[in-house]
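Enquirer: fold the following, please.
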Amino acid sequence: MTTNLASTRIITADIASLVAFYEKATALPATWATPDFAELATPAGATLAIGSTRTVPLFAPDSAAPGANRSVIIEFLVDDVDALWQRLAAWIPASDVVAEPKTLPWGNRSLLVRDPDGTLVNFFTPVTPEARAKYGLSALIES
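Expert: Here you go, the predicted model:
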């Protein structure tokens, strides 16, 4: 199974100010997907993602809070999030599972868990043609 670090996401109550800070600090332009989500991609392929608190309930209510040492989600792009979930479910404590796999509005099927230190970790698989294209993946094969 292939696993790649896709991005680091910061949750904030004031997305405009935080995006402006990172654009200024890095001299990289943000790409806004929605008014509640922006990304800054580096030439090396690393991405800093910034989401407003309004995006948090899409993963799981109250799973992240800005400024409370719970504002970062580490994200991994995986081949098959459902297969990964079957493997992880056997050893991740139920109390560390925030949201079992579900498809989110932007086209990713996502599994949200906490690591042993409480940091949120999102394993995801792009499932819509647009989301798959974003990561340079071939279109889904319909059966």
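Enquirer: and what about residue 16, helix, strand or coil?
Expert: helix (DSSP: H, G, I helix; E, B strand; the rest coil).
Enquirer: ok, it to residue 50 distance?
Expert: 10 Å (C-beta to C-beta, to the nearest Å). Using the backbone N, CA and C atoms, a C-beta is placed for each residue, glycine as well.
Enquirer: for the closest residue in space to residue 18 that isn't next to it in sequence, what are phi and psi?
Expert: Spatial nearest neighbour of residue 18, chain neighbours left out: residue 12 (4.4 Å); criterion: C-beta to C-beta, 6 or more residues apart in numbering. Main-chain dihedrals, residue 12, degrees, to the nearest 10: phi -140, psi 150.
Enquirer: and residue 12, what's its pLDDT?
Expert: We have a pLDDT of 89 for residue 12.
Enquirer: the one 3 residues further on too?
Expert: Confidence at residue 15, expressed as pLDDT, is 94.
Enquirer: thought it was touching residue 38?
Expert: Yes: shown here, residue 15 and residue 38 form a contact pair, counting by C-beta atoms under 8 Å, at 6.8 Å.
Enquirer: which neighbours do the two share?
Expert: residue 50 (C-beta atoms under 8 Å, 6 or more residues apart in numbering).
Enquirer: ok so, going back, okay, now the residue nearest to residue 18: neighbour count?
Expert: By other C-beta atoms under 10 Å, 19 other residues sit near residue 12.
Enquirer: residue 39 too?
Expert: Residue 39 has 18 nearby residues by other C-beta under 10 Å.
Enquirer: repeat that for the one 4 residues further on.
Expert: By other C-beta under 10 Å, the residues close to residue 43 number 6.
Enquirer: that one and residue 8, how far apart?
Expert: 16 Å.
Enquirer: cool, and residue 64?
Expert: The gap separating residue 64 from residue 8 is 13 Å, by C-beta to C-beta.
Enquirer: cool, residue 99 as well?
Expert: 19 Å.
Enquirer: cool, thanks, signing off.
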